[in-house]
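*Asks:* predicted coordinates and the sequence they were generated for:
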Amino acid sequence: MKISELIDKLDPEENLYAIVVDLAQKARELQTKSKPSEGKNVNPVIAVLEEELAKRTEKK
């Protein structure tokens, strides 16, 4: 599922700014923990955003 599809499922009444700030903080934490030498092809920031958006859309 693409990020844009997940975003479309979000409740428009939710505070999207707060969600974006929260996700950005989680992504930054993950990025600082991950080592470039781990050989991962997946961008950890995108992975976190997709995971968190999926969690938030499943609750509805």
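*Replies:* Cool, the structure landed.
*Asks:* how far away is the closest residue in space to K26 that isn't next to it in sequence from D8?
*Replies:* Counting by Cβ to Cβ, 6 or more residues apart in numbering, V48 is the residue found nearest to K26 once chain neighbours are left out, at 5.4 Å. Quick note: C-beta positions are derived from backbone N, CA and C, even for glycine. Note on V48: its distance to D8, by Cβ to Cβ, to the nearest Å, is 19 Å.
*Asks:* which of the two has more neighbours?
*Replies:* Neighbour count, other Cβ atoms under 10 Å: between V48 and D8, V48 has more, with 18 against 10.
*Asks:* so what's the more buried one up against?
*Replies:* 23, 26-27, 30 (Cβ atoms under 8 Å, 6 or more residues apart in numbering).
*Asks:* can you do 6 Å?
*Replies:* For V48, the contacting residues are 26-27, 30, by Cβ atoms under 6 Å, 6 or more residues apart in numbering.
*Asks:* cool, and E52?
*Replies:* So E52 contacts L23 (Cβ under 6 Å, 6+ apart).
*Asks:* now list the buried members of the contacts of V48.
*Replies:* Buried by 16 or more other Cβ atoms under 10 Å: A27, out of the contacts of V48.
*Asks:* in strands only, show me the contacts of V48.
*Replies:* Within the contacts of V48, no residue falls in strands by DSSP state E.
*Asks:* host element of the residue nearest the centre of the chain?
*Replies:* Closest residue to the average C-alpha location of the chain: L49 at 1.2 Å, with Cα atoms, centre = their mean. Under the criterion of DSSP states H and E, L49 resides in helix 44-58.
*Asks:* list the buried residues of that helix.
*Replies:* Quick answer for helix 44-58 (16+ other Cβ under 10 Å): 44-45, 48-49, 52-53, 56-57.
*Asks:* now stretch 15-34
*Replies:* Quick answer for stretch 15-34 (16+ other Cβ under 10 Å): 23, 27.
*Asks:* contacts for that stretch, please.
*Replies:* The contact list for stretch 15-34, computed with Cβ under 6 Å, 6+ apart, reads 44-45, 48-49, 52.
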